[in-house]
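Participant: My questions concern the predicted model and sequence given below.
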Amino acid sequence: MAMRKMTFTIPDEVATPFLRVVPSARRSRFVTEALRKTLREREEALIAACDAVNADAGLNAFVDEWQAASDPVEEPWDESASR
């Protein structure tokens, strides 16, 4: 697995207990696991929000109506448009 060294700035109120509680040899793993968990939670929340929007019958009806009314408009400067 490829690795990347990164530098972060965090508030003292987070850094102090982190340095006190997490042994130095385990800090990278700790941060990696915390990031994975948070990123997974955010992705799951986004998926849930998309599912909720997609399940909204009123919104789907609006989108269907909008798409039905959205015929391409011929631009007057487009010479390929039929006249």
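Facilitator: Received it, and whenever you're ready, just let me know what you need.
Participant: Mind naming the longest helix for this protein?
Facilitator: Looking across the chain with DSSP state H, the single longest helix is helix 27-54.
Participant: number of nearby residues for residue 65?
Facilitator: The criterion is other C-beta atoms under 10 Å. On that basis, residue 65 has 10 neighbouring residues. For the C-beta atoms, the positions are set from N, CA and C on the backbone; glycine is no exception.
Participant: The longest helix of the chain packs against which elements?
Facilitator: The helices and strands touching helix 27-54, judged by 3 or more C-beta pairs under 8 Å, 6 or more residues apart in numbering; DSSP states H and E, number zero.
Participant: next helix or strand past that helix?
Facilitator: Next in sequence after helix 27-54, counting helices and strands by DSSP states H and E, comes helix 57-69.
Participant: how big is the angle separating that next one from helix 27-54?
Facilitator: 70 degrees (axes from the mean of the first three to the mean of the last three C-alpha atoms, to 10 degrees).
Participant: what is the mean pLDDT for the longest helix of the chain?
Facilitator: For helix 27-54, mean pLDDT is 96.
Participant: for residue 73, helix, strand, or coil?
Facilitator: Following DSSP: H, G, I helix; E, B strand; the rest coil, residue 73 is assigned to coil.
Participant: circling back to that earlier point, how distant is the longest helix of the chain from the center of its chain?
Facilitator: 9 Å (C-alpha atoms, centre = their mean, to the nearest Å).
Participant: ok, now how distant is residue 24 from residue 68?
Facilitator: Note on residue 24: its distance to residue 68, by C-beta to C-beta, to the nearest Å, is 62 Å.
Participant: for residue 33, same thing?
Facilitator: 49 Å.
Participant: likewise residue 37?
Facilitator: 43 Å.
Participant: do the same with residue 32
Facilitator: Taking C-beta to C-beta, one finds residue 32 at 49 Å from residue 68.
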